[in-house]
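**Q** The sequence isn't on hand, but the structure is:
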């Protein structure tokens, strides 16, 4: 069984095609595409290797899943760099807003096990993906996890990914899922 998990940072990107491009006669090789995005205030940067990760899990024997109800742990981390607690007030030069104090992570993706785990896609059957933080808190797709205190400098958030049964009969095969994560500072 081959397992692959992709993590990706959520981002807002808007793509608009200018209306006047449709009003003109069509010509080959020409057009206008306008891209827009959003800049948000952030206490930390995200290390590039943390932004898009692929976690390739070793094959998991069906017998082990039946005996243990959980697959082998696969650790991964999110590294936050250059964290600062002070927040300048953009509307008042020289003034500051209240300091950043906490960080909250939300993992999101397709759901399984009544919304408690991430659905596995592929040839296998009977498994889902589940994420825990280093304190043992479970991630529920789309729901924010408990806040972490922020500190100046770099912060590493540790997580573990495991296969869990989803109640269907187990069948061997490869499976995968894409999980997005969102970081919120407050």
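**A** Yes, it's here. The structure presented is a predicted model; accordingly, all values stated were derived computationally and were not measured.
**Q** List of residues touching stretch 121-131?
**A** 1, 5, 65, 71, 107, 110, 112-113, 116-120, 138-139, 159-177, 179 (C-beta atoms under 8 Å, 6 or more residues apart in numbering). Where you see a C-beta, it was placed from the backbone N, CA and C, and this is true even at glycine.
**Q** ok, residue 161 touching residue 53?
**A** No. Using C-beta atoms under 8 Å, residue 161 is not in contact with residue 53; the gap is 10.3 Å.
**Q** For the lengthiest helix in the chain, buried residues please.
**A** Using DSSP state H to define each element, the chain has its longest helix at helix 62-68. By 16 or more other C-beta atoms under 10 Å, the buried positions in helix 62-68 come out as residue 65.
**Q** can you check stretch 157-170 too?
**A** For stretch 157-170, by 16+ other C-beta under 10 Å, it's 157, 159, 161-166, 170.
**Q** Of those residues, which is the nearest to residue 76?
**A** residue 159 (5.5 Å; C-beta to C-beta).
**Q** quick revisit: okay, and which of the contacts of stretch 121-131 map to helices?
**A** Per DSSP H, the contacts of stretch 121-131 map to helices at residue 65.
**Q** So which helix or strand of the protein has the lowest pLDDT on average?
**A** strand 13-17 (a mean of 26; mean pLDDT, DSSP states H and E).
**Q** follow-up on the earlier one: whichever helix or strand comes after the longest helix of the chain: partners in the sheet, and parallel or antiparallel?
**A** Proceeding N to C from helix 62-68, the next assigned helix or strand is strand 74-83, under DSSP states H and E. Strand 74-83 pairs in its sheet with strand 45-46 (antiparallel), strand 153-165 (antiparallel), by DSSP bridges.
**Q** Out of these, which gets the lowest mean score?
**A** Among the strands paired with strand 74-83, strand 45-46 carries the lowest mean pLDDT, a mean of 90.
**Q** What is the helix or strand that it is followed by packed up against?
**A** For strand 45-46, the following helix or strand on the C-terminal side (DSSP H and E) is helix 48-51. Packing partners of helix 48-51 (3 or more C-beta pairs under 8 Å, 6 or more residues apart in numbering; DSSP states H and E): strand 74-83.
**Q** that older thread, quick check: neighbours shared by residue 161 and residue 53?
**A** By C-beta under 8 Å, 6+ apart, the residues touching both residue 161 and residue 53 are residue 76.
**Q** And for residue 145, the neighbour number?
**A** 21 (other C-beta atoms under 10 Å).
**Q** That one is in contact with residue 104, isn't it?
**A** Yes. Contact criterion C-beta under 8 Å: residue 145 and residue 104 qualify, at 6.5 Å.
**Q** how many other residues sit next to residue 103?
**A** Residue 103, neighbours per other C-beta under 10 Å, totals 23.
**Q** just checking, it touches residue 148?
**A** Yes. In terms of C-beta under 8 Å, residue 103 counts as a neighbour of residue 148; the distance is 4.7 Å.
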